[in-house]
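*Asks:* for reference, the sequence and a predicted model appear below.
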Amino acid sequence: MSDVRLMSRFSGHSHSRRRHETTPVIEVDGVLVAVSVDDDGTLWTCDLVGGECVKRPLELDAAGPEDDWYYESGLWDEDDPDEEERPQFEADAYEIVCRLTVAHLDGRPVVVTGGGRHDLHHRGYDDTVGGAVRVWDLRTGRKIGKTLTSWHHALGVCSLTTVTSDQGLIALSSSEDGRLRAWNLTRGGEHVADIHAGWNGAMGATLVDGRPVAVTGGDDDFLQAWDLFSGEQIGKNLTGIEPVVRAIAITEVNGRVVAVAGGDDKALHRWDLTTQEPIGAPMTGHTSSIHTLETATVSGRAIALTDSPDGTTRLWDLASGQQIGDPLTGHDLQMVTETAGTPVAITESSEDGIRVWDLTSVTR
């Protein structure tokens, strides 16, 4: 990747006060928009074409939980005051915006946030529960639907994503304490799955034959694939990788559904999800752990992009297992998306801001 393949550059708002590690991008009214939430709950949307940034507060007053279990799970003794006299939920924006992704819900652009380990708490009380998932209107900052909580998410969210199925938009959250949770956002946060998966887990998800499938990993030396609608593991464990697994994706390579993962062993691994067997040798080149992984199909060619603390972003041909071109240095990979039908990579650096790269040019 080089400046020859650069589509646009944006050096506006630096998002210096944000908690989340990446800057997701979504197409709104035909324009790519970068999305960030600062630690104080300020939602930023930045037009990557026109360069205009707009800020608005998230509706933190509505961030509290609605579920009865939260008020009945032992956070208060029997002698505590009646429910109406209990302390009010105290919104902590710093904890609410630990993880961030974007999606379209019923045609409306939304921000989905995952909370940290001290997300759900009350003023004056030491008991905390982490990892709530919330949905916010991108244009207004207002909360949509209820706060999605689980007693099983006692710690914070590690990975957060969405999958669009024929039953609606599914939000998936993987937590530090090894729980994979899924909700149907189209159906008002209806429960989809609650699975004991990988501790401190990475997670990737997509549709496979019309069904949402997730692959999880973390502190174990294996990954697991899950059918979210049934809650059952698909086949056997995916082995051959060392912990810690930090990034996972699912894509199609030459007609096969393939799981791709990287982490602290510095290599990119592939498995056939039908057979659960490894594909080829691990793909090496990074000199430090892989923290970010994105996939795309460009002109029929399945590729992966990886980012590492070694300061490089690398492209890989998932069919051949070979690296494509020279690594890009000095930029952090944020995500891969499409604009006007063109697959693009979004990178960011403190010096050069956000850049948009044309992947059709990169992979020629």
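*Replies:* Yep, that arrived.

*Asks:* and stretch 295-315, how far out from the chain's middle?
*Replies:* Stretch 295-315 has its C-alpha centroid displaced from the chain centroid by 16 Å (C-alpha atoms, centre = their mean, to the nearest Å).

*Asks:* same check, this time on stretch 55-68
*Replies:* Taking the mean of its C-alpha atoms, stretch 55-68 sits 20 Å from the chain's own mean (C-alpha atoms, centre = their mean).

*Asks:* neighbouring contacts of it?
*Replies:* The contact list for stretch 55-68 (C-beta atoms under 8 Å, 6 or more residues apart in numbering) reads 13, 37, 41-45, 88-89, 91, 93, 96-97, 120, 132, 134, 136, 140-143, 146-147, 149. The way it works is simple: take the backbone N, C-alpha and C, and place the C-beta from them, glycine included.

*Asks:* helices of this protein, start to end?
*Replies:* 68-72, 93-96, 359-362 (DSSP state H).

*Asks:* and these, which one averages the lowest pLDDT?
*Replies:* The weakest mean pLDDT among those belongs to helix 68-72, with a mean of 64.

*Asks:* pLDDT-wise, which helix or strand of this protein ranks last?
*Replies:* In the chain, the helix or strand scored least confidently by mean pLDDT, DSSP states H and E is strand 6-10, which has a mean of 58.

*Asks:* now the end-to-end length of stretch 43-61.
*Replies:* From its first residue to its last, stretch 43-61 covers 15 Å (C-alpha to C-alpha, to the nearest Å).

*Asks:* and if you look at stretch 38-54?
*Replies:* 13 Å.

*Asks:* that one: which residues count as buried?
*Replies:* 38-39, 41-48, 53 (16 or more other C-beta atoms under 10 Å).

*Asks:* how about stretch 249-259, which residues are buried there?
*Replies:* 249-251, 253, 256-259.

*Asks:* swap that for stretch 303-311, please
*Replies:* 303-308.

*Asks:* for the closest residue to residue 50 other than its chain neighbours, give its distance to residue 113.
*Replies:* Nearest non-adjacent residue to residue 50, counting by C-beta to C-beta, 6 or more residues apart in numbering: residue 31, 7.3 Å away. Look at residue 31 and residue 113: by C-beta to C-beta, to the nearest Å, they are 22 Å apart.

*Asks:* more neighbours, those two?
*Replies:* residue 113 (28 against 13; other C-beta atoms under 10 Å).

*Asks:* okay, the more buried one and residue 160: tell me how far apart.
*Replies:* 8 Å.

*Asks:* so what sits against both of the two?
*Replies:* In terms of C-beta under 8 Å, 6+ apart, residue 113 and residue 160 are both contacted by the residues 99-100, 133.

*Asks:* just to revisit the earlier point, among the contacts of stretch 55-68, name the buried ones.
*Replies:* Counted by 16+ other C-beta under 10 Å, the contacts of stretch 55-68 give 13, 37, 41-45, 89, 91, 93, 96-97, 120, 132, 134, 136, 141, 143, 146-147, 149 as buried.

*Asks:* among the residues you listed, which are in strands?
*Replies:* The strands, defined by DSSP state E, take in 37, 42-45, 120, 134, 136, 143, 146-147 from these.

*Asks:* shaky segments in the stretch 1-150 of the chain?
*Replies:* 1-21, 68-88, 121-128 (pLDDT under 70).

*Asks:* the same query, at a cut-off of 80, please.
*Replies:* Counting by pLDDT under 80, the stretch 1-150 of the chain has low-confidence residues at 1-21, 51, 67-91, 121-129, 150.

*Asks:* what's the burial count for residue 237?
*Replies:* Using other C-beta under 10 Å: residue 237 sits among 15 other residues.

*Asks:* contacting residues for it?
*Replies:* 222-224, 276.

*Asks:* as CSV, the residues you listed with distance to residue 65 and neighbour count would be great.
*Replies:* Formatted as CSV, these follow (distance: C-beta to C-beta, whole Å; neighbours: other C-beta atoms under 10 Å):
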residue, distance to residue 65, neighbour count
222, 34, 15
223, 31, 27
224, 29, 23
276, 38, 19
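
*Asks:* out of those residues, which is nearest to residue 183?
*Replies:* Nearest to residue 183 out of the contacts of residue 237 is residue 224 (C-beta to C-beta; 20.1 Å).

*Asks:* which ones are touching the closest one?
*Replies:* With the criterion set at C-beta under 8 Å, 6+ apart, residue 224 makes contact with 197-198, 215-217, 233, 237-238.

*Asks:* gap between the closest residue in space to residue 316 that isn't next to it in sequence and residue 102?
*Replies:* Spatial nearest neighbour of residue 316, chain neighbours left out: residue 304 (4.5 Å); criterion: C-beta to C-beta, 6+ apart. Distance from residue 304 to residue 102, counting by C-beta to C-beta: 21 Å.

*Asks:* residue 50 now?
*Replies:* 19 Å.

*Asks:* you'd agree residue 46 is up against residue 31?
*Replies:* No - using C-beta atoms under 8 Å, residue 46 is not in contact with residue 31, being 10.4 Å away.

*Asks:* list the residues that contact the residue nearest to residue 50.
*Replies:* 47-50.

*Asks:* for the closest residue to residue 311 other than its chain neighbours, give its distance to residue 204.
*Replies:* Counting by C-beta to C-beta, 6+ apart, residue 329 is the residue found nearest to residue 311 once chain neighbours are left out, at 5.6 Å. Taking C-beta to C-beta as the measure, residue 329 falls 26 Å from residue 204.

*Asks:* quick one, which of those two is more surrounded?
*Replies:* residue 204 (27 against 11).

*Asks:* beta partners of that one?
*Replies:* For residue 204, the beta-bridge partners under DSSP bridges are residue 215.
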